[in-house]
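[1] Pasting a predicted model and its sequence here:
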Amino acid sequence: MNGAYLLHCSLCFRAALSQRAAAVAGMLTQLAFGELRIQVLSACYALGVAAPGMPRAAAMDYIWLGQAFLRLVPMRPDEDLADAMRTGALANDLCRPVDAYWWWWSRAVGRLAAPTLLRCVPLILICFALGVLRPPQSLGCALASLDMLVLALLVSATIRVALALIGDWGGGANATATLGMPVIWMLAGIVVPLPLFPPAVQHVIGILPFRALLDSPLRVWSGDLHGPALGWAMLHQVVWLVALVGFGRLLTRRGLARLTVQGG
Amino acid sequence: MLSDLRHDLRIYRFAAGMGLRAQLHHRRAFAFGVIAQGLTAVTDFAAIVILIMRFGAIGGWSLPQLGLLYGLVASSLSLALLLGSGIGDLDGLLRNGEFDRIRTRPCGSLWLVAGSRFEVRRLGRVAQGLLVLAWAVWRVGAMDATALMVVAALLGGGALFLGLQVIQASASFWFREGCEVFNVFSYGGETLGAYPLPIFQRWLQHLLLGVIPVAAISYLPALVLTHRCAPGWPTILAASAPLLGVAFFGASLMLWRCGLRRFGATG
């Protein structure tokens, strides 16, 4: 049975791999935004503040990696699921002899993995070639960072599915999802690296799930996060992954109980 | 020529008004849309606030002064996005043949395209930009011609960002896909325009002054507003910089004409 989900995931992955023109356009955009964010941040570091919360080199790595893995931050609810709910195609999914939630989840993972890979590999290579990005500090850093990027991918797909479920089943509050996006965007660390946020809010940021999407793996790469902090960050990702999957399954069960499929 | 323009403007107002009334029907969705757009924009300004809290004044500009830069550039962009909602969609209109129908109508096609989709929720963005701008002007302190300078900068900025959208749309006459790359210039311009020009590397400064004159509608007017300009010619030059935005819009219209000539209907 598990094979079905894996197969579904890899099929969706391969289908999404074909969208190369969009990936090229996205990469150009992200290179441009990386460069301008770097210039702004360089100007800030040039002011010579004593303890800015993060060393300059780590912050620069963070910006470029953030652009490379931008796709990991959810920008909208899972489109396939949201569309299926709107058009009623959902009924097809329910006819399949599989668990609906895991079916959607495996699709979301596959559909997210493809564009992420298509963008991050060339972007990282370009950054290496330009000499603006340092490789991981050690083999351990590289492996831990890779693990955490995979976890981030799973968390991201789970959040996407959960947002689609909230949107259409949580009292028609599609807007909840829309309102949440900018907050997720900010708290994942895309706009400003999270360690640069004011010390007063660091604890809150540390507990919320959004740093699992981008911030934690990027800081492991640059060696900014190491030792016990690394272990905690990974645990944070796993705990939130489990919790969000549980939440999504709960929403699915409640939604399906209320669902009426029209037509013969 | 002038009566043509008046006719086109009337059509645009008609099309946009129709969109407005249609969207006001779904009140809750409309309200949430407006708030969401406002919130998205808030994160941009929040980034500046966070950096200021960590690093102190950026390039010697305090938070209210940076708010001035941000308010000018963000309001300009959001006004342009509101008024030209439909322009960004031209590639879609070309693909589904809708543009062929637009061409058969006896009025300026750019106006019809712009009015074809009027996204009222973008008012949220406009409101956020204007609020920051008002707060910044209040904190920086108004002077004799503040209102005039701000309005001139907003008009120039609106024209500049509309021009960028027209260029993006015109590009879709030549390129079938990938024209969303041009978004970099709008949104990147917004981000860059929110910081004082001298903090950037030389090539970027030239780009922002000469090629896509974002600095002309935010940095230069803000120099005047914060009394950083020597009186006399420097002030006059900086104050008239927003005209560059209007010139940019004019140039983009010429590109549009070229694209239109190249366009052949598919049906």
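    Great, that's in hand.
[2] near chain B, which residues of the stretch 51-200 of chain A?
    Counting by Cβ under 8 Å from any Cβ of the partner chain, the stretch 51-200 of chain A comes close to chain B at A:52-53, A:174-175, A:178-179, A:181-183, A:185-186, A:191-192, A:196-198. To be clear about C-beta, it is placed using only N, CA and C from the backbone, and glycine gets the same treatment.
[3] Which pLDDT value does the model give whichever residue of the stretch 1-150 of chain B sits closest to chain A?
    Nearest to chain A in the stretch 1-150 of chain B, going by Cβ to the nearest Cβ, is B:Phe32, at a distance of 3.1 Å. For B:Phe32, the model assigns a pLDDT of 76.
[4] can you list the residues that contact stretch B:84-97?
    Stretch B:84-97 has contacts (Cβ atoms under 8 Å, 6 or more residues apart in numbering or on different chains) with B:19, B:81, B:98-99, B:102, B:110, B:113-119, B:122, B:162, B:165-166, B:168-169, B:172-173, B:176-177, B:179, B:263, B:266-267.
[5] Pull out the buried positions in that stretch.
    B:84-91, B:93-94 (16 or more other Cβ atoms under 10 Å in any protein chain shown).
[6] Can you list the low-confidence ranges for the stretch 151-264 of chain A?
    For the stretch 151-264 of chain A, applying pLDDT under 70 flags the ranges A:168-178, A:261-264.
[7] Please list the residues of the stretch 101-250 of chain B that sit near chain A.
    Checking the stretch 101-250 of chain B against chain A by Cβ under 8 Å from any Cβ, the hits are B:177-178, B:180-181, B:183-184, B:188, B:191-192, B:195, B:199-201, B:204.
[8] And those, which two are furthest apart?
    With distances taken as Cβ to Cβ, the most widely separated pair in these is B:Glu177 and B:Ile199, at 35.2 Å.
[9] if you count what's nearby, which of those two comes out ahead?
    Taking other Cβ atoms under 10 Å in any protein chain shown, B:Glu177 and B:Ile199 do not tie; B:Ile199 has more neighbours (20 against 12).
[10] Thought B:Ala57 was touching the more buried one, still the case?
    No - when contacts are counted by Cβ atoms under 8 Å, B:Ile199 is not listed as touching B:Ala57 (11.0 Å).
[11] Run a quick neighbour tally on A:Gln19.
    For A:Gln19, the count of nearby residues is 13 (other Cβ under 10 Å).
[12] Wait, it touches A:Pro115, no?
    Yes - counting by Cβ under 8 Å, A:Gln19 does reach A:Pro115; the two are 6.9 Å apart.
[13] host element of A:Val109?
    Element membership for A:Val109 (DSSP states H and E) is helix A:100-130.
[14] Correction: the previous question concerned A:Cys12.
    Per DSSP H and E: helix A:2-16 holds A:Cys12.
[15] Can you name every helix or strand that the host helix or strand of the residue of the stretch 1-150 of chain B closest to chain A contacts?
    Using DSSP H and E, the element containing B:Phe32 is helix B:27-55. Judged by 3 or more Cβ pairs under 8 Å, 6 or more residues apart in numbering or on different chains; DSSP states H and E, helix B:27-55 is in contact with helix A:20-45, helix A:174-188, helix B:63-83, helix B:123-140.
[16] now that helix and helix B:123-140, what's the angle there?
    Angle of helix B:27-55 versus helix B:123-140, following axes from the mean of the first three to the mean of the last three Cα atoms, to 10 degrees, is 40 degrees.
[17] pLDDT value on the residue most central in space within chain B, please?
    Centroid-nearest residue in chain B, with Cα atoms, centre = their mean: B:Leu77, separated by 2.7 Å. As predicted, B:Leu77 sits at a pLDDT of 94.
[18] ok, so of the residues of the stretch 101-250 of chain B next to chain A, who is nearest A:Ala23?
    If you rank these by distance to A:Ala23 using Cβ to Cβ, B:Gly178 comes first, at 10.4 Å.
[19] Touching, that closest one and A:Ala23? I think so.
    No - using Cβ under 8 Å as the test, B:Gly178 is too far from A:Ala23 to be in contact (10.4 Å).
[20] the more surrounded of these two?
    Between B:Gly178 and A:Ala23, counting by other Cβ under 10 Å, A:Ala23 is the more crowded of the two (20 against 16).
[21] Find the residue closest to that one in space, skipping its chain neighbours.
    Nearest non-adjacent residue to A:Ala23, counting by Cβ to Cβ, 6 or more residues apart in numbering or on different chains: A:Leu118, 4.0 Å away.
[22] same deal with A:Pro136?
    Closest to A:Pro136 by Cβ to Cβ, 6+ apart is A:Ala142, at 3.8 Å.
[23] And that neighbour, how close does it get to chain B?
    Counting by Cβ to the nearest Cβ, to the nearest Å, the gap between A:Ala142 and chain B amounts to 29 Å.
[24] now swap in A:Leu70 and tell me
    According to Cβ to the nearest Cβ, A:Leu70 and chain B sit 13 Å apart.
[25] quick one: pLDDT of that residue?
    92.
[26] Excluding covalently adjacent residues, which one is nearest to it?
    The nearest residue in space to A:Leu70 (Cβ to Cβ, 6+ apart) is A:Gln30, at 5.8 Å.
[27] before we move on, back to that, please, a PyMOL command that selects the buried ones among the contacts of stretch B:84-97?
    Command for PyMOL that selects the buried part of those, burial taken from 16+ other Cβ under 10 Å:
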select buried, chain B and resi 19+81+99+102+110+113+114+115+116+117+118+119+122+162+165+166+168+169+172+173+179+263
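[28] Please report phi then psi for A:Val98.
    Dihedral pair for A:Val98: phi -140, psi 170, per degrees, to the nearest 10.
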